[in-house]
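> Take this sequence and fold it.
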Amino acid sequence: MAPAPGHRRDGPYPVRPAILEDHVTLQEIFREASLANPSDRDQLLLRPDLLTFSDEAIRQGRCRVAAHGDGHVIGFHSLMVDGDVAELEDLFVTPPMWQRGVGRALILDAVSQARDRSCVRIEVTANPDALAFYEKTGFVFDHPVDTELGPGLRMHLDVR
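Next up is the predicted model:
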């Protein structure tokens, strides 16, 4: 059976556009995954304002979710396109599903979305804890950057 329009199937996790009804679940995943990063946890607990996921990307149609076959949302990404470059603003997977292909499915979907919008690359500011994941999915380290939470890694993935 082919996926419905707007849906992708990469491995066992279909990816679809996020809807406003997903917002509470995405907020929970955002908070849980953010606090699971050891290098950020202490700063985030001191700055609870940084643990809020806005519904803006959902409303703008820039957010997509990965789900189990039963429809239960287990991760998401949001992509902002500016000219021929896409910025991966968010990529979060519920920690119990880490290292099970959900993040890879979301990256493959982001690549497809970027290509559909004639982008040549995706850029991301990554948490140092996520370096190995991004490298495994093809991203290349560009340079270190400062973020609100400390050191970050600016990376890119060519999609053409």
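
> Helices of the protein, start to end?
Taking DSSP state H, the helices of the chain run over residues 23-35, 41-46, 56-59, 102-116, 131-136.

> Of those, flag the one that's most buried.
helix 102-116 (a mean of 21; mean count of other CB atoms under 10 Å). (Glycine included, C-beta is placed from N, CA and C.)

> And for the residue nearest the centre of the chain, nearest residue in space, chain neighbours not counted?
For the chain, Leu91 is the residue whose C-alpha lies nearest the centre (CA atoms, centre = their mean; 1.5 Å). Of all residues not flanking Leu91 in the chain, His77 sits nearest, at 4.6 Å (CB to CB, 6 or more residues apart in numbering).

> The one you found: what's it in contact with?
Taking CB atoms under 8 Å, 6 or more residues apart in numbering, we find His77 in contact with Cys63, Arg64, Leu88, Asp90, Leu91, Phe92, Leu106, Ile107, Asp109, Ala110.

> Leu45 versus that one, what's the distance?
Separation of His77 from Leu45 (CB to CB, to the nearest Å) stands at 25 Å.

> now Gln27
17 Å.

> Please apply the same query to Arg31.
11 Å.

> Likewise for Asn127?
16 Å.

> try Asp90
Look at Asp90 and Leu45: by CB to CB, they are 20 Å apart.

> for Val65, same thing?
Taken as CB to CB, the span from Val65 to Leu45 is 26 Å.

> same check, this time on Thr147
With CB to CB as the criterion, Thr147 and Leu45 are 16 Å apart.
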